[in-house]
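>>> Pasting the sequence and the predicted model now:
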Protein chains: 2
Amino acid sequence: MTNTEDNIVLERVDRPSSQRKIAKIIAAARTEFFANGFSASSIEAIAARAEVSKVTVYSWFKTKENLFGEVVKAERARMTQKFVDDSLESESLRDILLHVAENLLNFLMLEEKVRFDRILAAEVNRDPKIGKYFLDNGPRASMANLTELLQKLVDKGEIESSDPKFSAEMFHGLVMGNMDVFLRYGEKIKLTTPEKRERAKRAVDAWIRIHQK
Amino acid sequence: MTNTEDNIVLERVDRPSSQRKIAKIIAAARTEFFANGFSASSIEAIAARAEVSKVTVYSWFKTKENLFGEVVKAERARMTQKFVDDSLESESLRDILLHVAENLLNFLMLEEKVRFDRILAAEVNRDPKIGKYFLDNGPRASMANLTELLQKLVDKGEIESSDPKFSAEMFHGLVMGNMDVFLRYGEKIKLTTPEKRERAKRAVDAWIRIHQK
DNA sequence: TTTTATTTGAACGCTTCCGTTCATTTTGTA
DNA sequence: TACAAAATGAACGGAAGCGTTCAAATAAAA
């Protein structure tokens, strides 16, 4: 029953000090939820971490679920990212794709992103809506974006694809391989920038080879 | 501190009735943990579901953590699966790969597997060892298996690869695309057998194209 | 049948947590 | 300075859960 769309934080937040406290509460909640998950995090610990009284937490966020919803909402805002930027129109096919691949790689390997994924996926059982909400604003949007880009490249005659959506999936798959599995289960994979670039290069070259006429 | 290697269940389990109860407890625990995660599941609910007294649960499994560990252990046994079977020596390159791809697809799309993933990933924060344990027995083993197969194909001169490990990753990536993300976040993706076969075919063809001389 | 291992229910102590109430104090604004 | 909004600490009721104890009942093995 987590409400992720409506305003959960009450209105009339004129005072800057209140704003500051609210922000601190959300930050603290984020930390706690990320560390312990929903059930094992307590409002009291969150209040303590935010250096705020429990009553204050309850006065701004009516329930634990709402607070969690607010955290998710804030996080979505932080994490919504465009992998495909339009400033690349002039570049070559390969350079465009390399850019996208590197963006993707950087984003999906962020320690924060990985941790968030862990927590959120588990909470999908408790509230399936939260999963759909995130899919729509995250992966689904990104994939649509990527598909659109690829379609453009097809239209320009640079590559061939009978199914740009699947091509986009393959792109993602080639770039990430199964690193995401390992990351999610706690493996510490650190790639340097050149290593990421190398990986991106290999993925892009493979992808181009598949889609060459 | 979940102990996943040692025997947690006490020795001297001679009586068949005890065996039966222990099995029922693990099954009930599985259901509860899968539905609610670790923290939100209670021993009492598990005992009730297993139609057993709470004391019995505690007498066989000393703590909640141990019980969880036993569930994970049982689940690993259920889920350890070979994607590469050796009975395929005689088949063609493409047929071998198609087999593997379909096995992979079938396994990774199992509703049960997806749910297990959700729970387990969340528990990695509580106990990182559990993640490593699962990686080693699951994905890592499978990937080693696949890499070995690909190396064999390289040795036979059927394909070209300067880095079989990355080739294996690409194989995985091409087959799954980013379906796993959507699955984990609760999207209901149901593929019929022909649809899976089609997907496998496309992935394999793409992969072969990348690795052709 | 006797002996021994299991199982049970009920109760207990203890801890944690949710969410609320209230009287008091702090803070920002007019 | 006076007023109103916001924040606080302390305490509360109530629920849930962990893990234990114990005496009594049940079931298997000898």
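That came in fine, so what should we check first? Numbers count the residues shown, from 1 in each chain, chains lettered A, B, ... in the order given.
>>> how is chain A carved up into domains?
Domain ranges of chain A: A:3-62, A:71-211, per automatic domain parsing.
>>> can you redo these as CSV with distance to residue B:198, mean neighbour count and mean pLDDT?
Every C-beta, even on glycine, is put in place using the N, C-alpha and C of the backbone. Formatted as CSV, these follow (distance: least, Cβ to Cβ, whole Å; neighbours: other Cβ atoms under 10 Å in any protein chain shown; pLDDT from 0 to 100):
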stretch, distance to residue B:198, mean neighbour count, mean pLDDT
domain A:3-62, 36, 16, 82
domain A:71-211, 10, 18, 91
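>>> Any idea which of those domains gets closest to chain B?
Closest to chain B of the domains of chain A is domain A:71-211 (Cβ to the nearest Cβ; 2.9 Å).
>>> coming back round to it: can I get the domains of chain A in CSV including distance to DNA strand C?
As requested, the domains of chain A are exported to CSV (distance: least, Cβ to the nearest atom of the strand, whole Å):
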stretch, distance to DNA strand C
domain A:3-62, 3
domain A:71-211, 13
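>>> which residues of chain A fall in strands?
For chain A, no strands are identified by DSSP state E.
>>> which residue packs closest to the residue nearest the centre of it, ignoring adjacent ones?
The centroid of chain A falls nearest to residue A:79 when counting by Cα atoms, centre = their mean (4.5 Å). Computed as Cβ to Cβ, 6 or more residues apart in numbering or on different chains, the closest residue to residue A:79 that is not its neighbour in sequence is residue A:113, at 6.5 Å.
>>> With residue A:201 instead?
Residue A:201's closest residue in space is residue A:98 (Cβ to Cβ, 6+ apart), at 6.6 Å.
>>> All the helices of chain A, in order from the start?
For chain A, helices defined by DSSP state H occupy the ranges A:16-36, A:43-49, A:54-60, A:64-79, A:93-108, A:111-126, A:128-137, A:139-155, A:164-176, A:179-184, A:193-211.
>>> so what does the second one touch, helix or strand wise?
Right, the one you point to is helix A:43-49. If you count contacts as 3 or more Cβ pairs under 8 Å, 6 or more residues apart in numbering or on different chains; DSSP states H and E, helix A:43-49 packs onto helix A:16-36, helix A:54-60, helix A:64-79.
>>> Let me have the ones you listed in JSON lines, extended by distance to DNA strand D.
Shown next, in JSON lines, are the helices and strands packed on helix A:43-49 (distance: least, Cβ to the nearest atom of the strand, whole Å):
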{"stretch": "helix A:16-36", "distance to DNA strand D": "4"}
{"stretch": "helix A:54-60", "distance to DNA strand D": "3"}
{"stretch": "helix A:64-79", "distance to DNA strand D": "13"}
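>>> is it possible to export these to a markdown table including distance to residue B:74?
Output for the helices and strands packed on helix A:43-49, formatted as a markdown table (distance: least, Cβ to Cβ, whole Å):
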| stretch | distance to residue B:74 |
| --- | --- |
| helix A:16-36 | 25 |
| helix A:54-60 | 40 |
| helix A:64-79 | 31 |
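>>> what sits against the spatially most distant residue from the centre of chain A?
Centroid-distance maximum for chain A: residue A:213 at 34.0 Å, with Cα atoms, centre = their mean. Contacts for residue A:213 (Cβ atoms under 8 Å, 6 or more residues apart in numbering or on different chains) come out as A:159-160.
>>> do residue A:203 as well
Going by Cβ under 8 Å, 6+ apart, the list of residues near residue A:203 reads A:101, A:171, A:174-175, B:170.
>>> between those residues, which is nearest DNA strand D?
residue A:175 (41.3 Å; Cβ to the nearest atom of the strand).
>>> where's the residue nearest to that closest one when sequence neighbours are not counted relative to residue A:122, distance?
Leaving out its chain neighbours, the residue that sits closest to residue A:175 by Cβ to Cβ, 6+ apart is residue A:203, at 4.4 Å. Taking Cβ to Cβ, to the nearest Å as the measure, residue A:203 falls 29 Å from residue A:122.
>>> Same check on residue A:172?
23 Å.
>>> Residue A:152 now?
38 Å.
>>> Identify the residues contacting the residue lying closest to residue A:102 once chain neighbours are set aside.
Closest residue to residue A:102 apart from its sequence neighbours, by Cβ to Cβ, 6+ apart: residue A:200 at 4.8 Å. Residue A:200 makes contacts with A:98, A:101-102, A:105, A:175, as judged by Cβ under 8 Å, 6+ apart.
>>> what residues are up against the closest residue in space to residue A:53 that isn't next to it in sequence?
Among residues not flanking residue A:53 along the chain, residue A:47 sits closest, at 6.2 Å (Cβ to Cβ, 6+ apart). Neighbouring residues of residue A:47 by Cβ under 8 Å, 6+ apart: A:25, A:28, A:53-54, A:56-57.
>>> next one: residue A:193
Counted by Cβ under 8 Å, 6+ apart, residue A:193 has zero contacts.
>>> ok, the residue nearest to the centre of chain A touching residue A:117?
No - in this structure, residue A:79 is not within contact of residue A:117 by Cβ atoms under 8 Å, at 10.0 Å.
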